[in-house]
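Asker: Curious how this folds, go ahead:
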Amino acid sequence: MLVLIGVGAVLLLLLNLEDSFAVMLLPRRVQRRVGLTRLFFRTSWLAWSRAALTLPAGRKRERVLSVYGPLSMVALFVLWSVGLIVGFGILQWVLQAGAATQPPPTLGEQLYMSGVTFFTLGYGDVVPHTGGSRLVAIIEAGTGFGLIAVVIGYLPVLYQLFSRREAHVIQLDARAGSPPTAATLLVRHHVGGTLERVNDLLREWELWAAELLESHLSYPMLVYYRSQHDNQSWLAALAVMMDVSALILVGVEGLAPLQARMTFTMAREVVVEIGRSFNIKPSRYTGGDRLPHKAFVEVERAFARASLPWKGGPEAEEVLAALRATYEPMMDGLSSHLLLPLQGWTAQERLVDHWASGPRGLMAQRLVEELATPTLPSGPVAAAGRPARLWRRVRARLRR
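Answerer: Okay, here's the model as predicted:
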């Protein structure tokens, strides 16, 4: 019987060591249906997300959901530590069961000694009495010290990857609005009658998508780390760049489609691989969830107001629907699982960008928009006409 218990303890140790090694040190995705970390995140996220859904939609729910990512990592480290302490404690109890000590060591004492040894405290009130148990104590002390050291080095890497991801997401506030939309991004980048800056932007986001794929497959828990603003997320940013690429491929004129193609394929690979990693199935595609016909007409009107070269019409809408069908179901599946809402293709209401909030934020937005308009002079504003009236109103408000 003791032999079977000892074998079970060794298996428990191997399970925890292999799982922690695969998560923190192995730089590749581990393909397996059952695993300690996989089971932990599946069950804990299911319970956490269901509890969050009982709250009304808004900041309170987002605040609860944002806690899960960091808290789950702390819980995972605790789970590994407890598993190793229990495994070593049971193994110590088995090895010392035949020791000539009075009274014989109890399981509780060995678990206590295991915890003290694991965290290298070394009180000395409970000590091993056999050669095998002393060897196990040395191995456990090294294991505990090593795990703590790896965790200390692991967390900065995790947060560095999170910071690099969010740096691009935050930039969409000024470039595509809050929440970001594809139509807003193209309209804001249509400067001087050209879209020449869009290809450079798509190239940056192609590289961002490649980094996202590498980091989120190696560190899958990053998908649960949410953005700082409630109406921004890495998934919504990815959707916007795929939407922009799709629009360019379908009907935007005067812009070479090569970079849009590269960005689209890279972003789609991210969606497919992350969905496969979490075993998330695509949603049923209806074609009108994010871009119904009415919204498509609004996109065309926005392009027309901005004089953006767009080859639209019913045929473009059909082709765009076919292209959307290749990624929107997977996007929607991830959105439903992670509770990360996806914005449509146009802003549904007049919302203030995050950068334009706060004291005199609207004034700052108005000034920037006026100064960025190509029809205005680039130097000091002329003292006549509409610009001059604008500056007089601004100065009057600043004196208040």
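Asker: my read: residue 247 touches residue 187, true?
Answerer: No - with contacts counted by CB atoms under 8 Å, residue 247 stays clear of residue 187, the gap being 11.1 Å. In this view, the C-beta of every residue, glycine as well, is placed from N, C-alpha and C.
Asker: Distance-wise, check residue 344 relative to residue 236.
Answerer: Residue 344 is 11 Å from residue 236, where distance means CB to CB, to the nearest Å.
Asker: Looking at the two, which one has more neighbours?
Answerer: Legend: neighbour count by other CB atoms under 10 Å for residue 344 and residue 236, higher for residue 236 (22 against 19).
Asker: what ranges do the helices span in the chain?
Answerer: 2-24, 36-53, 59-95, 107-118, 131-176, 182-188, 196-218, 234-250, 258-277, 293-305, 314-324, 328-338, 361-372, 385-398 (DSSP state H).
Asker: Using TSV, lay out these together with mean pLDDT and distance to residue 227.
Answerer: Shown next, in TSV, are the helices of the chain (pLDDT from 0 to 100; distance: least, CB to CB, whole Å):
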stretch	mean pLDDT	distance to residue 227
helix 2-24	91	23
helix 36-53	93	16
helix 59-95	94	9
helix 107-118	91	36
helix 131-176	92	6
helix 182-188	91	17
helix 196-218	93	13
helix 234-250	95	7
helix 258-277	95	16
helix 293-305	91	24
helix 314-324	92	24
helix 328-338	93	12
helix 361-372	61	20
helix 385-398	57	32
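Asker: Looking at those helices, which is nearest to residue 226?
Answerer: Among those, the nearest to residue 226 by CB to CB is helix 59-95 (4.6 Å).
Asker: Show me what counts as buried in the closest one.
Answerer: 61-62, 64-66, 68-70, 72-73, 76-77, 79-81, 83-95 (16 or more other CB atoms under 10 Å).
Asker: That one packs against which elements?
Answerer: Identification of packing neighbours for helix 59-95 by 3 or more CB pairs under 8 Å, 6 or more residues apart in numbering; DSSP states H and E yields helix 2-24, helix 36-53, helix 107-118, helix 131-176.
Asker: which of those sits most buried?
Answerer: Mean neighbour count (mean count of other CB atoms under 10 Å) peaks for helix 107-118 among the helices and strands packed on helix 59-95, with a mean of 20.
Asker: relative to helix 59-95, how tilted is it?
Answerer: Interaxial angle of helix 107-118 relative to helix 59-95 (axes from the mean of the first three to the mean of the last three CA atoms, to 10 degrees): 110 degrees.
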